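1. just to be clear, the model below is a prediction. Sequence and coordinates:
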Protein chains: 2
Amino acid sequence: LTSVAIVGTTRWGTTLAIVLGRKGVPVRIWARTPREAQFINRVRENPLVPGFPLPDSVAVTASAGEAVAGAALVIFAVPSQTLRANLNAVKKHLTPGQLLVSAAKGLEEATACRMSQVMAAELDPRLHEGIAVLSGPNLSGEILRGLPAATVVAAREEAVAREAQRLLGGSYLRAEVTTDVVGVEMGGALKNIIAIGAGLADGVGSGENAKAVLVTRGLGDMVRLAVACGGREETLLGLAGLGDLLATGFSPLSRNHFVGQQLARGCSLAEVLAGQQGVCEGVPTARAAWRLSQEVGVEVPVFRYIYQLLFEGLPPQQVAAVLLGTSAELAPSR
Amino acid sequence: LTSVAIVGTTRWGTTLAIVLGRKGVPVRIWARTPREAQFINRVRENPLVPGFPLPDSVAVTASAGEAVAGAALVIFAVPSQTLRANLNAVKKHLTPGQLLVSAAKGLEEATACRMSQVMAAELDPRLHEGIAVLSGPNLSGEILRGLPAATVVAAREEAVAREAQRLLGGSYLRAEVTTDVVGVEMGGALKNIIAIGAGLADGVGSGENAKAVLVTRGLGDMVRLAVACGGREETLLGLAGLGDLLATGFSPLSRNHFVGQQLARGCSLAEVLAGQQGVCEGVPTARAAWRLSQEVGVEVPVFRYIYQLLFEGLPPQQVAAVLLGTSAELAPSR
C-alpha cells in the first residue's frame, strides 16, 4: 500500500493523518522528540486534536528516516517560519519520485519566500518535480467530523498535482487541481492578513457593514499582489483565495482574527503573541507581503496599514478609521 | 434647502430618510395610505424601524405629488416587484432634472429587467438622464446606530452619480461613484440568490468549509452573468457585489438566508413565504437570473440549482449535495 509521511504533529498535520488513516492509508507522522512520538503512539490521540483518536494505520515516530523514506507522499504541515529547518532535518531521506506537499499557509518572514520557493531552495534539484502545495477552505474540526470540504492542490506539472489529488482526496475531502502554484500559495498566506483586519474591525466594534468594506478591499490587495507575483486572478477568486478567506478569515476562532481583536483592545503585539497558543501565520506574513508589494511595485493599502499596525506602532484606532472606510484614503482610484 | 423624497415606507427607505433627516435635509416619505402616513407622522416612528424616531425634518404623506414634486432627489425604496406600479403612481409628478434613484435589490420576475430598465421603460425619456441606482453592504440597523458604512451610487453619466453621492453621502455613510449601472444592480440582486444557498447550507448543517465552497462558486456565477449582461468584473468584486454578499448574504437575519434554511428543513416554498414578514427578493430574482443566463448563454450552476430548488421541486438534499461540493458536478472546468 502507498504510504504517506506527515512532517509535523500540528493540528492540521494530524487532521490530514486521520483523514488518510480512515481510508486505510499507512501514515507515519514525524514528531520532534521521541518523547512526543511515544506519548501520542501510546494514547492514540494528539492533545492538539482532542476527541479524534488516530486510526490504526497511523503511527508517530521521531526518526526522520523512518517517517519519510519511501513514502509516496510527504506532507509538510509545519508553521511557515519553521519549514526551512524541517526540510533540512529530513531532506537526506528524500528521494526523486516522492510527492512533496507543503500544507503551510504563510510566507517566510526573513525572505518573503513562498513555501514552494523555500522547498526549491533547500532541496536537491532532482526532487523539485515533486513539489506541490495544498491550500483551501479547510477548518480542521469540520473535516475531522466528516463534513464535506474541498481543497486545492497545485504543482507546476498538472500530472504531479493529479497524483497528489488522487492520494489526498476522498469522498468528503475533494481536491481540485491547478498548475497555479503561486496563486494557491498567495491565497492561503495573504488571507491571514485580512483576517487580522477583520479581527481589528470586530475589536473596535465597527459592525458588519464596515468589516465587509475592509474584507472586500483586502481581497483586492490579495488579487493584485498575487497576480503581480505571477498568480492567476481566477485562483485568488476561487477556493484557495476567497474560499479560504470566507471559511477561516472570518472565524472568531482564527488566531489571526484574535490578534487583530486584541490589538484593537489596546494590547501590544508582543503581549498578544506571548499569550497565544500556537502560531499566528498572519503576523510574519504581513511583513513579507509588505516587502513583496514594494519589490513588485503594487499598491496594497489594506496590507500596508496592517503592516504599520503590527510593526510600526500605528495606533489601532487610526488604522481602523482608514480601513473601515471612515477615511477617504482608501477610496478606490478608478 | 434641497429636499429629498422617499417612495416607500420600507425599513430601508425609512433608514435613508432618518440618515438624511439627521443631516437636516427636508425629507418627505410617500406612504400608500393616508392612514399609514398619519400614523407614522403622529408617533414619529415607523413600526418597521422600532427605536429610531424620525428627525424633525422628515414628514410622511400619502399624496404622491406632495412627496415627489420638486424634490431634488427621489429614492425608490420599494420591493423590486412593485417598482413598476410605484413608478406609475408617481411619474406624473416627476420633472426633468430630478435625480431618480432605485434602492431596490432585485430583478423583475416577469421580465428579468433590472430596476433601472424598469425605470427607463416607465418614465418619459426626458427623465432618463436622472436615473441612478444605489446598492452596497448596508445593514440598516448598523447605519441607524451610526456605525460607519460605505455604499455605491451608479449612473450612466458620472456627473449624475456624483450629484447623488453629494446628496446621499455623509460622514458615516460614504458613497462611492461608478458609471457601471449594470454591475451595481446585478451585484445587489444576485447576491440574494447566493444568500438562499448559504441558508440551505446552514439548514442542512454542512459547516463553514462547504458553505465557503458554495459562496465562492456563487460569486463566480454572479460575476459571469453580470459581465455577460454588460457589467464590469471589478464592480462585482467591489462593495456592491462581494461587499454586499459579505455583509448581508451571510447573515442569519437575512430573509433570503431564512428561506434557504427553511427549505432545507422540509418546508415548502409557499409555506416559508406565507410565514414571512416582508419580501424575500431572492426568490423572484432567482427566476429572473435563470432566464437571463439562458438569454445571454452563460453557465451559472449555483443559480441553476437554486432555481430548480425553488421552482422545479428538486429536493433540498439533492441540491445541497451538488452545491456543497460533495458531488463532482460543480467542479470548475478550467
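-> Thanks, I have it.
2. does residue A:310 belong to a helix, a strand or coil?
-> The assignment at residue A:310 comes out as helix when based on DSSP: H, G, I helix; E, B strand; the rest coil.
3. nearest residue to the residue nearest to the spatial centre of chain A other than its sequence neighbours?
-> Residue closest to the average C-alpha location in chain A (C-alpha atoms, centre = their mean): residue A:105, at 1.7 Å. Closest residue to residue A:105 apart from its sequence neighbours, by C-beta to C-beta, 6 or more residues apart in numbering or on different chains: residue A:188 at 3.7 Å. Bear in mind the C-beta positions are built from the backbone N, C-alpha and C, glycine included.
4. repeat that for residue A:23.
-> On the basis of C-beta to C-beta, 6+ apart, the spatially nearest residue to residue A:23 that is not a chain neighbour turns out to be residue A:170, at 5.7 Å.
5. let's see the pLDDT reported for residue A:254.
-> For residue A:254, the model assigns a pLDDT of 87.
6. contact partners for the residue nearest to it when sequence neighbours are not counted?
-> Of all residues beyond its chain neighbours, the one nearest residue A:254 is residue A:195 (5.1 Å), with distances taken as C-beta to C-beta, 6+ apart. With contact taken as C-beta atoms under 8 Å, 6 or more residues apart in numbering or on different chains, residue A:195 is in contact with A:245, A:248-250, A:254, A:256-257, A:260, A:282.
7. if you set the cut-off to 10 Å instead, what comes out?
-> A:215, A:218, A:244-245, A:248-251, A:254-260, A:280-282, A:306 (C-beta atoms under 10 Å, 6 or more residues apart in numbering or on different chains).
8. residues contacting the residue nearest to residue A:23?
-> Listed by C-beta under 10 Å, 6+ apart, the contact set of residue A:170 reads A:19-20, A:22-23, A:25.
9. can you put the residues you listed in JSON lines and add neighbour count and pLDDT?
-> Formatted as JSON lines, the contacts of residue A:170 follow (neighbours: other C-beta atoms under 10 Å in any protein chain shown; pLDDT from 0 to 100):
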{"residue": "A:19", "neighbour count": "22", "pLDDT": "96"}
{"residue": "A:20", "neighbour count": "25", "pLDDT": "96"}
{"residue": "A:22", "neighbour count": "17", "pLDDT": "94"}
{"residue": "A:23", "neighbour count": "16", "pLDDT": "93"}
{"residue": "A:25", "neighbour count": "21", "pLDDT": "95"}
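10. the closest residue to residue A:45 other than its chain neighbours: how many residues sit nearby?
-> Closest residue to residue A:45 apart from its sequence neighbours, by C-beta to C-beta, 6+ apart: residue A:53 at 5.2 Å. By other C-beta atoms under 10 Å in any protein chain shown, the residues close to residue A:53 number 14.
11. one more: residue A:311?
-> Other residues near residue A:311 number 13, with proximity taken as other C-beta under 10 Å.
12. before we move on, what about residue A:315?
-> Number of residues near residue A:315 (other C-beta under 10 Å) recorded here: 12.
13. and if you look at residue A:278?
-> The number of residues packed around residue A:278, counting by other C-beta under 10 Å, is 10.
14. quick one: buried residues of stretch A:114-131?
-> A:114-119, A:123, A:127, A:129-131 (16 or more other C-beta atoms under 10 Å in any protein chain shown).
15. same deal with stretch A:281-296?
-> Those would be A:281-293, for stretch A:281-296 by 16+ other C-beta under 10 Å.
16. tell me the mean pLDDT over that stretch?
-> Stretch A:281-296 comes out at a mean pLDDT of 98.
17. ok, now stretch A:304-322?
-> Mean per-residue pLDDT for stretch A:304-322: 95.
18. just stretch A:145-159 next, same as before
-> Here the average pLDDT along stretch A:145-159 is 96.
19. do it and chain B come into contact?
-> Yes. Judged by C-beta under 10 Å from any C-beta of the partner chain, stretch A:145-159 and chain B are in contact via A:145-151.
20. which among those end up buried?
-> Those of the residues of stretch A:145-159 next to chain B that meet the buried threshold are A:147-151, by 16+ other C-beta under 10 Å.
21. can you redo those as a markdown table with secondary structure and distance to residue B:322?
-> As requested, those are exported to a markdown table (DSSP: H, G, I helix; E, B strand; the rest coil; distance: C-beta to C-beta, whole Å):
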| residue | secondary structure | distance to residue B:322 |
| --- | --- | --- |
| A:147 | coil | 16 |
| A:148 | coil | 11 |
| A:149 | strand | 15 |
| A:150 | strand | 13 |
| A:151 | strand | 18 |
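22. tell me the one of these nearest residue A:70?
-> Set against residue A:70, the nearest of those by C-beta to C-beta is residue A:151 (25.1 Å).
23. which residues touch that closest one?
-> Here residue A:151 is in contact with A:16, A:103, A:134-138, A:143, A:165, A:168-169, A:173-176, A:184, A:239-240, A:243-244, B:209, B:213, B:325 (C-beta under 10 Å, 6+ apart).
24. what about the spatially closest residue to residue A:178 that is not a sequence neighbour, which SS state?
-> Taking C-beta to C-beta, 6+ apart, and ignoring the residues beside it in sequence, residue A:178 has residue A:154 as its nearest neighbour in space, at 4.9 Å. Judged by three-state DSSP, the three-state class of residue A:154 is strand.
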